[in-house]
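Peer 1: Give me the fold of what follows.
(2 chains)
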Amino acid sequence: MSKYHLDYLGQLESEAIHIMREVAGQFERPALLFSGGKDSITLVHLALKAFRPGKFPFPLVHIDTGHNFPEALDFRDKLVDEIGEKLIVRNVGDTIKEKKLTEQKGKFASRNALQTYTLLDIIEEFKFDALIGGARRDEEKARAKERIFSVRDEFGQWNPKLQRPELWNIYNGKITKGENVRAFPISNWTELDIWNYIQREKIELPSIYFAHDREVIEHEGQLVSVSDFIRLDENDVITTKKVRYRTVGDMTCTAAVESNADDIDGIIREIIATKTSERGETRIDDKVSEAAMEDRKKGGYF
Amino acid sequence: MDILRFITAGSVDDGKSTLIGRLLYDSKSILIDQLEAIEKQSKNKLNGEIDLALLTDGLRAEREQGITIDVAYKYFSTPKRKFIIADAPGHIQYTRNMVTGASNSELAIILIDARNGVVEQTRRHSIITSLLNIPHVIVAINKMDLVDYSEDVYNNIVIDYQEVAQSLGLKDVKYIPISALKGDNIVEKTEKLSWYGGESLLHLLENVQLDSDVNLTNGRFSVQYVIRPQAEELHDYRGYAGKVISGVYRKGDKIVVLPSGIESTIKAIEIGGQEIEEAYALQSVVLHLEDDVDISRGDMIVPANNQPSLEQEFEVLLCWMDNKPLLPGNKYYLQTNSRVVRSVVKGIEYKLDVNTLQKEYSPEKAGLNDIIKATIKTASPIAFDSYKKLRQNGGAILIDETSSVTVGACMIQ
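Peer 2: Okay, the predicted model is just below:
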């Protein structure tokens, strides 16, 4: 094998850096959507590689649903402090008040869908023309069809049947007024690729990704953390289990998995052995219908 | 471990989706909840068995109509390799989708229904494979279960296809008999095809030599972004960020900036702020030059002794991808790597019939999915290589100036 051989993680990394630099080079007001999860933490790591010793040519934007894991918020603040980049936070709770939106009712009332309103507001407020996100094509069937540069209309809507062809490594970021682009640098990464990369690069993560004791209830086979954001019924049995999170979303719609993996090696072993997909195991909001994600994306969701 | 990107060419009837489903299923890349979801749908469709094809249909309209509309990307890996499948529909009205999927592929699986042999569609897929210069081809002769696993049927199809491959100049072509539905020869070899001396499909995919596809000879680097930190201590820092498209760059190399023609020397190479001695194909790096020269996004930095063509007028093979027709004289943006220039399509020499390779000379216009030979003139020179010689620097897209949509894919001749 040639000494000039870039291994698979190196290829994925280089592709992601290339995409981020295309965003920086083609747009006037880009931003990086930061959720506090492992995928967006990986994006920040890739941005450091793409732009240091310069500053990021974009701020980080966090849409705070008010239902976040406190560990994830602490981690976010620590990370932003360390890298010295700008963070913009907007609260879904404020949007709900301002726009008099109706919140979901029920046991796991989630603000997941309402995030889209805050997202569209923030795009308008800062006139963002491109938003970098950490979505991956292996996550979900509708995502598998989305372009790396995905053009959205002024309502943020994705039109899957009218997507631009995307050829070679040429990214067309030209847009007309009112449109914006969602750019996905880690489209071609799988969950395992992310973990392998986190291991190789020694990227730090919030503690909830590692096995820890937590009070949970069991709901249709999924373990949901006890928090102020979910409604407990008299039938709920609270138990303390050793769990970790595979994904980090809202406390209302993210489920934990039982695990003893307290380091990256352990997590990688479990992921290789697992029989359930990331979204299937941990996302309470995707089970609603076969086309749940497609519908949300058409409505402006990431 | 490395990455193989491949495209599967074939229509629904050839069992393309079943093949992809089978590869994912047998390589254990499908997980229980995904399987449950398709089991549920399979029952909805009342056809009994689990329909592996359902795994690849991403959009609601596709599931409802049982068709593939667009290119979908699927992922699986083995300890040897990560695989990225571009799953593109094969009907003639989707030529643009196959071209799109093929543009990043290093290998094409061409599916042939053993009952039908080489048909018009096989030729079309092979022609696109050759136009897009995909280096490796596997001809998978599918549905062997429906021809009693007959060696004669297989051999006759191979002989027919060899003629196609030869006429198109396809280089690395391998043949394999399979049944995607039954899982024969996909991951494991099967007794039923004991007369077949080769390896299973997955084994072929795992062992295609990819290193030789990476060009380490012609240094090509397209500047994406100029890094200029606004900090006192880095006042003179000026780094050109981009990806090494091909070749190797070393400290001290004499270079030329194109299109300006300014000469300089590489002072330093960095990755993520760390200095390295050399950078090679596919790496994203930052270059520093000895001289303070004017370089901006879209410029190319190339070795002084190995330069690409620098032209304002050139011929292309072009796949038209828009509903509005292409008329000679129309103006578009042309983008190669990170350079965007205004351009005009001067004249159409001929239109290529993608089923027969026959040429229709001097057509008035080109429509959606047409492949034409045309001359393009740009407002300023672009640095390129011929697509046949260096794919990574010979492809370009045309962008509609008013709608901003990508309307054409060009392979520069």
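
Peer 1: quick one: low-confidence parts of the chain?
Peer 2: Since you didn't name a chain, this refers to chain A. A:1, A:107-109, A:275-302 (pLDDT under 70).

Peer 1: wait, I meant chain B there
Peer 2: B:11-12, B:30-69, B:90-93.

Peer 1: need the next SSE after the longest helix belonging to it, C-terminal direction.
Peer 2: Counting by DSSP state H, the longest helix found in chain B is helix B:151-168. The helix or strand immediately downstream of helix B:151-168 is strand B:172-177, counting by DSSP states H and E.

Peer 1: report the angle between the axes of that following strand and helix B:151-168?
Peer 2: For strand B:172-177 against helix B:151-168, the angle by axes from the mean of the first three to the mean of the last three CA atoms, to 10 degrees is 160 degrees.

Peer 1: who in the stretch 101-250 of chain A is up against chain B?
Peer 2: A:137-138, A:141-142, A:144-145, A:151, A:160-161, A:163-170, A:172, A:174-176, A:179, A:187-188, A:190, A:192-193 (CB under 8 Å from any CB of the partner chain). No exception for glycine: its C-beta is placed from N, CA and C like everyone else's.

Peer 1: For the residue lying farthest from the centre of chain B, give its distance to chain A.
Peer 2: Relative to the centre of chain B, the most outlying C-alpha is that of residue B:232, 44.5 Å out, by CA atoms, centre = their mean. Per CB to the nearest CB, to the nearest Å, residue B:232 is found 12 Å from chain A.

Peer 1: did I read that right, residue B:110 in a helix?
Peer 2: No: assigned with DSSP: H, G, I helix; E, B strand; the rest coil, residue B:110 falls outside any helix and is strand.

Peer 1: what sits against it?
Peer 2: B:9-10, B:122, B:125-126, B:129, B:137-140 (CB atoms under 8 Å, 6 or more residues apart in numbering or on different chains).

Peer 1: between the residues you listed, which is closest to residue A:119?
Peer 2: residue B:9 (38.2 Å; CB to CB).

Peer 1: so how far is chain A from the nearest residue to the closest one once chain neighbours are set aside?
Peer 2: In space, and not counting its chain neighbours, residue B:9 is closest to residue B:125: 3.8 Å by CB to CB, 6 or more residues apart in numbering or on different chains. Applying CB to the nearest CB, the value for residue B:125 to chain A is 17 Å.

Peer 1: which parts of whichever strand or helix holds residue B:125 are buried?
Peer 2: Residue B:125 belongs to helix B:120-131 when elements are defined using DSSP H and E. If you call a residue buried by 16 or more other CB atoms under 10 Å in any protein chain shown, then helix B:120-131 has these buried ones: B:121-131.

Peer 1: Same check on stretch B:226-240?
Peer 2: Neighbour-count burial for stretch B:226-240 [16+ other CB under 10 Å]: B:226-227, B:229, B:238-240.

Peer 1: is it possible to export those residues to TSV including distance to residue B:26?
Peer 2: As requested, the buried residues of stretch B:226-240 are exported to TSV (distance: CB to CB, whole Å):
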residue	distance to residue B:26
B:226	48
B:227	46
B:229	51
B:238	52
B:239	47
B:240	46
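
Peer 1: what sits against residue B:153?
Peer 2: B:114, B:144, B:147 are the contacts of residue B:153 under CB under 8 Å, 6+ apart.

Peer 1: re earlier: and the furthest pair within the buried residues of stretch B:226-240?
Peer 2: Spatial extent of the buried residues of stretch B:226-240 (CB to CB) is set by the pair B:229 and B:240 at 13.8 Å.

Peer 1: My guess is the residue nearest to residue B:9 contacts residue B:102. True?
Peer 2: No: applying CB atoms under 8 Å, one finds residue B:125 not in contact with residue B:102, separated by 9.2 Å.

Peer 1: so what sits against both of the two?
Peer 2: Common neighbours of residue B:125 and residue B:102 (CB under 8 Å, 6+ apart) are residue B:108.

Peer 1: Close to chain A: what parts of the stretch 151-300 of chain B are there?
Peer 2: Contacts of the stretch 151-300 of chain B with chain A, taken as CB under 8 Å from any CB, map to B:211, B:214, B:216, B:224-225, B:227-231, B:234, B:237, B:239, B:241-243, B:248, B:271-273, B:280-284, B:297.

Peer 1: returning to that earlier point: now, which of the buried residues of stretch B:226-240 lie within strands?
Peer 2: B:226-227, B:239-240 (DSSP state E).

Peer 1: wait, which of those residues is closest to chain A?
Peer 2: residue B:227 (4.2 Å; CB to the nearest CB).

Peer 1: so the closest one bridges to which residues?
Peer 2: Applying DSSP bridges to residue B:227 gives these bridge partners: residue B:239.

Peer 1: need the contact list for it.
Peer 2: Counted by CB under 8 Å, 6+ apart, residue B:227 has contacts A:51, A:53-54, B:237-241, B:286.

Peer 1: which other helices and strands contact the helix or strand containing residue B:140?
Peer 2: Element membership for residue B:140, per DSSP H and E: strand B:136-142. Strand B:136-142 sits against strand B:107-113, helix B:151-168, strand B:172-177, helix B:201-207, with contacts defined as 3 or more CB pairs under 8 Å, 6 or more residues apart in numbering or on different chains; DSSP states H and E.

Peer 1: Find the one among those with the highest mean neighbour count.
Peer 2: Most buried of these by mean neighbour count (mean count of other CB atoms under 10 Å in any protein chain shown) is strand B:107-113; its value is a mean of 26.

Peer 1: What segments of the stretch 1-150 of chain A are strands?
Peer 2: A:30-33, A:60-64, A:87-91, A:130-132, A:149-152 (DSSP state E, counting those that start in this stretch).

Peer 1: Partner strands of the last one and their direction?
Peer 2: In this case it means strand A:149-152. By DSSP bridges, strand A:149-152 pairs with strand A:180-183 (antiparallel).

Peer 1: now swap in the third one and tell me
Peer 2: For strand A:87-91, the pairing partners within the sheet under DSSP bridges are strand A:60-64 (parallel).

Peer 1: Any chance you could list what contacts the partner strand?
Peer 2: By CB under 8 Å, 6+ apart, strand A:60-64 touches A:31-36, A:44, A:73, A:76, A:80, A:85-92, A:115, A:118-119, A:122, A:128, A:131.
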